[in-house]
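# no sequence on hand, only this structure:
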């Protein structure tokens, strides 16, 4: 992503913009498609490109320019225009018809997607952010359905500068100051889908002159003049003031982005190495000792990288420092962030979805006792425990780990959390040990243990989830049947 950003930033505001603006746009789009001509679909089959088409100035110039390049790339690409109707203002009701007429007049297939912004709006998000989230979600789902190779948006250099100014004002880090990428993977739109912004090196003024020269008709969004929105205030007040005070600030800012990208590349390389050093068996465990050995700045970078891997929003600097103090710099602690629980246990930091957001996996605090009889089924769903007992008839005989299935059929089984004085022999030659000691040896944290059921046959402990079969029972009634526990409401 960084290399794409640097390429875009290096172009800056196109020095050829003073030329014929139509030729300038055409050169930009033609060069873009030429460098990606090998990213098409299957051999002999053109790949689908979706253009996010609002009907405004920017997307109208992009769609029109893509059509003019059709003869050169028709064997590689086929176009599909998509308009997202948010239903936020009455003026927008006429835009789908305008967009359809614009696209179909140029031989481009067209579709309108309707979304409900309110369904995605969060209290801390503004209306603009909620509308953008709804728009991208709708386009991503559509791209997946159609198997699109890329989605194209008409962001330009002024959008880039506005984004940079707003992020600077918010105190964002190096990664955020990288701004808008012109070419990046977009897994939301499909496994191989990308998000392309071919016009990111051109100014809004160039696009306006291009539209005027071609006589393009486009819609005017009244919300673009609403200066209560931060981006509009930056566009109409701050940027003109900077133009007056510092005439060359635009190109200077974009050059600074290139330097920031290079610094961020170095930081990300170091952070990847640090995270690899701190990460344990999976993405949900960190080595607290290795993390604590890092400098403050490197620890914060690891935390951010870990949250990104877990697909969580970044906390504020103050919140991140509090999480770091309670987990990395303390022998015990707990923190909640974005519906996830983070706990320090021994030398580990363990992340897990909180029960309130993961009810399909996390059983209730007190599931209670469940009595059942096994009649030979491959699995038994136990709703009270939000999981299933799995009965493997072949595995146990190879390791002398199983019990006689005929014996088990004749037993009344009890699934319970009541551990009391229960003991378990974890291996044929091992001695019987308390469950607490075995859980500690297996590095199973205390807060996980109540979610792991025990299976008794009469007074005999047969199986302990997270630990395995009880060899004391296995040696009394040997056989090939082994039990396993599968979290989740349905069996395998």
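Arrived safely. From a predicted model like this one, the values you see are computed outputs, not experimental measurements.

# kindly confirm my reading that residue 455 is in a helix.
No: using DSSP: H, G, I helix; E, B strand; the rest coil, the assignment for residue 455 is strand, not a helix.

# so what's the residue nearest in space to the middle of the chain up against?
Closest residue to the average C-alpha location of the chain: residue 311 at 4.5 Å, with C-alpha atoms, centre = their mean. Listed by C-beta atoms under 8 Å, 6 or more residues apart in numbering, the contact set of residue 311 is empty. Every residue, glycine included, has its C-beta placed from N, CA and C.

# again, but for residue 56
By C-beta under 8 Å, 6+ apart, residue 56 lies in contact with 218, 219, 220, 221, 224.

# relative to residue 377, how far out is it?
Applying C-beta to C-beta, to the nearest Å, the value for residue 56 to residue 377 is 60 Å.

# now swap in residue 324 and tell me
Per C-beta to C-beta, residue 324 is found 48 Å from residue 377.

# between these two, who's got more neighbours?
Neighbour count, other C-beta atoms under 10 Å: between residue 324 and residue 377, residue 324 has more, with 19 against 12.

# name the element the residue nearest to the more buried one when sequence neighbours are not counted belongs to?
Using C-beta to C-beta, 6 or more residues apart in numbering and skipping the chain neighbours, the partner closest in space to residue 324 is residue 299 (5.9 Å). Per DSSP states H and E, residue 299 falls inside helix 296-309.

# and that helix, how far out from the chain's middle?
Chain-centre distance of helix 296-309: 16 Å, with C-alpha atoms, centre = their mean, to the nearest Å.

# which strands and helices lie in contact with it?
With contacts taken as 3 or more C-beta pairs under 8 Å, 6 or more residues apart in numbering; DSSP states H and E, helix 296-309 sits against helix 249-278, helix 288-292, helix 317-327.

# run a quick neighbour tally on residue 111.
Neighbour tally, residue 111, other C-beta under 10 Å: 17.

# next up, phi/psi of residue 180, please.
The phi/psi pair for residue 180 (degrees, to the nearest 10) reads phi -90, psi 130.

# pretty sure it is touching residue 163, no?
Yes: with contact defined as C-beta atoms under 8 Å, residue 180 counts as touching residue 163 (5.7 Å).

# still on that earlier bit, now do the same for the residue nearest to the centre of the chain: its pLDDT.
pLDDT recorded at residue 311 is 90.

# and what of residue 464?
94.

# same question, residue 245
Per-residue pLDDT puts residue 245 at 95.

# next one: the host helix or strand of residue 162 to chain centre, how far?
If you go by DSSP H and E, residue 162 is part of helix 157-170. Relative to its chain's centre, helix 157-170 lies at 23 Å (C-alpha atoms, centre = their mean).

# do stretch 434-448 as well
Here the centre of stretch 434-448 is set off from its chain's centre by 32 Å, with C-alpha atoms, centre = their mean.

# report the buried residues of that stretch.
By neighbour count on 16 or more other C-beta atoms under 10 Å, the buried set for stretch 434-448 is 435, 438, 439, 444.

# low-confidence regions, this structure specifically.
For the chain, applying pLDDT under 70 flags the ranges 1-18, 39-44, 118-125, 355-366, 394-400, 419-420, 489-492.

# which strand is the longest one in it?
Looking across the chain with DSSP state E, the single longest strand is strand 77-85.

# and the helix or strand following that one, how far from the chain's centre?
Per DSSP H and E, the first helix or strand lying C-terminal to strand 77-85 is helix 95-104. Taking C-alpha atoms, centre = their mean, one finds the center of helix 95-104 at 33 Å from the center of the full chain.

# what about stretch 274-285, start to end distance?
Using C-alpha to C-alpha, to the nearest Å, one end of stretch 274-285 lies 14 Å from the other.
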